[in-house]
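A.B. asks: Give me a 3D structure for the following:
(2 chains)
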Amino acid sequence: GDSVTQTEGLVTVTEGLPVKLNCTYQTTYLTIAFFWYVQYLNEAPQVLLRSSTDNKRTEHQGFHATLHKSSSSFHLQKSSAQLSDSALYYCALSEGTQVVGQLTFGSGTRLQVYA
Amino acid sequence: VTLLEQNPRWRLVPRGQAVNLRCILKNSQYPWMSWYQQDLQKQLQWLFTLRSPGDKEVKSLPGADYLATRVTDTELRLQVANMSQGRTLYCTCSGQGGISNERLFFGHGTKLSVL
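C.D. replies: Just a heads-up that it's a prediction; the model follows:
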């Protein structure tokens, strides 16, 4: 089966500094899409980024990620963290063999931005 | 715009008692409805995807037993039984294109606590 690994449970950063959340994956089958979801406190997860193209940078709300199939990675980055970015971030993937609506999520990384 | 109406938002469940959850789809363009659980460690896990009225599935996971039913094109239900640990259940919709690389939209979630 497939798996998604987010090595950091908690990342802390000072406001205005760059931040990077790591995501690597392992799949047996053809993986067709990768996602970053964000969950703010007491809210439901919502999609932040989506990509299915190797080596293409995807951007949204100041965050960016590039899928690198050669290293099985889809790290999330932002050049200048904001206090409002504090949340739980999930990396996820969908495989071609899975049913529509079935994503595999990593364990999540909590981002805490300090003033 | 809210795509999913999920209720109740929170339930206290006496140990050994089952609880029934309901999710209503507000936009028929996303007909693939799914259930996800988020455990106390915030791990998100896919449970079911049900597309057609009459579809039913059961699953047993550590800490709870599930029975999901697609009642109509717009209503999805979940019965949670034998729950030993609290969790949050999210209804999702996706699949405008009918393929598995579509993003998920999450409902507000139902937080279950064991009494």
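
A.B. asks: so what's residue A:36 bridging to?
C.D. replies: Listed beta-bridge partners, residue A:36: residue A:49, residue A:91 (assigned using DSSP bridges).

A.B. asks: interface residues of chain B facing chain A?
C.D. replies: Counting by Cβ under 8 Å from any Cβ of the partner chain, chain B comes close to chain A at B:32-34, B:41-46, B:49, B:51, B:90, B:92-95, B:98-109. For every residue, glycine as well, the C-beta is placed using N, CA and C.

A.B. asks: Now list the buried members of the residues you listed.
C.D. replies: Those of these that meet the buried threshold are B:32-34, B:44, B:46, B:49, B:51, B:90, B:92-95, B:100-109, by 16 or more other Cβ atoms under 10 Å in any protein chain shown.

A.B. asks: which ones among the residues you listed are found in strands?
C.D. replies: Judged by DSSP state E, strands contain the following of those: B:32-34, B:44, B:46, B:49, B:90, B:92-94, B:105-106.

A.B. asks: Show me which of the residues you listed has the smallest pLDDT value.
C.D. replies: Lowest in pLDDT among these is residue B:94, which has 89.

A.B. asks: Show me which positions of stretch A:17-26 end up buried.
C.D. replies: A:19, A:21-25.

A.B. asks: Can it be said to contact chain B?
C.D. replies: No: using Cβ under 8 Å from any Cβ, stretch A:17-26 stays clear of chain B, with a minimum separation of 14.0 Å.

A.B. asks: what about that stretch, how long is it end to end?
C.D. replies: 30 Å (Cα to Cα, to the nearest Å).

A.B. asks: Tell me which residues are up against it.
C.D. replies: A:2-8, A:11, A:13, A:31, A:34, A:36, A:65, A:71-81, A:85, A:89, A:91, A:93, A:106, A:109, A:111, A:113 (Cβ atoms under 8 Å, 6 or more residues apart in numbering or on different chains).

A.B. asks: what is the rounded mean pLDDT of it?
C.D. replies: 97.

A.B. asks: what's the helix or strand for the residue in chain A that chain B sits nearest to?
C.D. replies: Nearest residue of chain A to chain B: residue A:33, at 3.5 Å (Cβ to the nearest Cβ). Following DSSP states H and E, the helix or strand that holds residue A:33 is strand A:31-39.

A.B. asks: if we can go back for a sec, save the ones in strands among the buried ones among the residues of chain B next to chain A as JSON lines, and put in distance to residue B:80 too.
C.D. replies: Below are these laid out as JSON lines (distance: Cβ to Cβ, whole Å):
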{"residue": "B:32", "distance to residue B:80": "21"}
{"residue": "B:33", "distance to residue B:80": "16"}
{"residue": "B:34", "distance to residue B:80": "15"}
{"residue": "B:44", "distance to residue B:80": "16"}
{"residue": "B:46", "distance to residue B:80": "16"}
{"residue": "B:49", "distance to residue B:80": "17"}
{"residue": "B:90", "distance to residue B:80": "13"}
{"residue": "B:92", "distance to residue B:80": "16"}
{"residue": "B:93", "distance to residue B:80": "20"}
{"residue": "B:94", "distance to residue B:80": "22"}
{"residue": "B:105", "distance to residue B:80": "22"}
{"residue": "B:106", "distance to residue B:80": "18"}
